[in-house]
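[1] Structure for this input, please:
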Amino acid sequence: MGGIESPLPVRDWLAISIFFLTWFAYARLAKFRAKRQHTLSSIMRAHREDWMRQVMLREQRVSDATILGNLERVVTFFASTTILLLAGTLTAIMSADRLVEVINSMHLADAASVQSIRVKLFFLALIFVYAFFKFTWAVRQYIMCAILLGGAPIIRGEVPALPLSDELEGFAVRAAKMSDLANHDFNHGLRAYYFALALLGWLVNVWVLLIAGSLVIATLAQREFFSKAVRVLREV
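    Numbering: from 1, shown residues only. Reported below is the predicted structural model:
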């Protein structure tokens with residue numbers, strides 16, 4: 001019995017392995033750096049805690065519930081969009097023979113077969129599945145945060161001042177943490193979109209994949225660590 005022939009050459013498997021490893025490495029680096037330096041995520045976590053402390057000072061919290069509802073709707077939109085993108089990717093897998101003709105007509109593209117294109121699109125579909133799970137979990141966590149906000153201690157009589165009591169401070173920190181967890185999963189979903197766009201370069205050749213992946217890493221790092229938004233938020 002002969003061995004099963006791989007639809008992709010070794011260099012493609014090596015390139016896609018490097019692609020996913022760099023994605024994983026960047027995610028770990030961003031999490032590590034957020035605990036030790038000012039990043040977009042760490043600064044926003046501090047602002048969420050300040051937000052929830054201010055919530056404890058207000059008797060009417062309708063505006064805060066509206067903000068949470070808007071955040072939830074944004075994530076729900078991305079979750080719904082991901083389903084459509086996944087459906088489109090699966091359709092492309094079923095009609096890969098037409099896509100092969102287009103790719104093979106490109107001068108810079110490697111010679112492609114129907115099976116190789118289907119494998120590459122399968123990896124793209126996996127990324128969208130991952131993004132969908134991240135977005136839907138973020139939606140659930142925003143719902144949990146809204147429930148926490150609905151059960152926030154009611155201030156009666158004199159409005160408290162900062163610093164809050166231990167009870168109110170503990171509640172504010174828990175609510176901010178839940179909101180922060182939801183935002184982290186939302187960020188992971190958005191990050192998957194970036195890398196999905198880079199993965200499209202694999203349809204051309206491995207070098208386009210690696211260059212696109214590097215550009216995505218550089219873009220994400222600039223926005224997370226060195227952007228004007230980071231500097232502005234640090235000054236608030």
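[2] continuing past the worst-scoring helix or strand of the chain on mean pLDDT, what's the next helix or strand?
    Using mean pLDDT, DSSP states H and E, the weakest-scoring helix or strand in the chain turns out to be helix 96-104, at a mean of 79. Note on helix 96-104: by DSSP states H and E, the next helix or strand toward the C-terminus is helix 114-150.
[3] how far off helix 114-150 does the next helix or strand after that following helix point, in degrees?
    Next in sequence after helix 114-150, counting helices and strands by DSSP H and E, comes helix 166-199. If you take axes from the mean of the first three to the mean of the last three C-alpha atoms, to 10 degrees, helix 166-199 sits at 160 degrees to helix 114-150.
[4] Centre of the chain to stretch 66-79, how far?
    14 Å (C-alpha atoms, centre = their mean, to the nearest Å).
[5] same question but for stretch 9-25, I mixed them up
    In this view, stretch 9-25 has its centroid 20 Å away from the chain centroid, taken as C-alpha atoms, centre = their mean.
[6] repeat for stretch 114-131
    18 Å.
[7] helices or strands up against the least confident helix or strand of the chain?
    For helix 96-104, the elements it packs on are helix 114-150, judged by 3 or more C-beta pairs under 8 Å, 6 or more residues apart in numbering; DSSP states H and E. In this view, the C-beta of every residue, glycine as well, is placed from N, C-alpha and C.
[8] Which SSE is immediately downstream of the helix or strand hosting residue 32?
    Element membership of residue 32 [criterion: DSSP H and E] is helix 10-34. Using DSSP H and E, the helix or strand that follows helix 10-34 towards the C-terminus is helix 40-57.
[9] List of residues touching that following helix?
    Residues external to helix 40-57 that are found in contact with it (C-beta atoms under 8 Å, 6 or more residues apart in numbering): 30, 34-35, 61, 64, 149, 152-153, 155, 159-162, 164, 168-169, 171-173, 175-176, 179-180, 183-184, 187, 223-225, 227, 229-230, 233-234, 236.
[10] same deal with stretch 28-39?
    In contact with stretch 28-39 (C-beta under 8 Å, 6+ apart) are residues 41, 42, 45, 220, 224, 225, 230, 234.
[11] Apply 10 Å and report the result again.
    Stretch 28-39 is contacted by residues 40-46, 184, 187, 191, 217, 220-221, 223-227, 230-231, 233-234 when judged by C-beta atoms under 10 Å, 6 or more residues apart in numbering.
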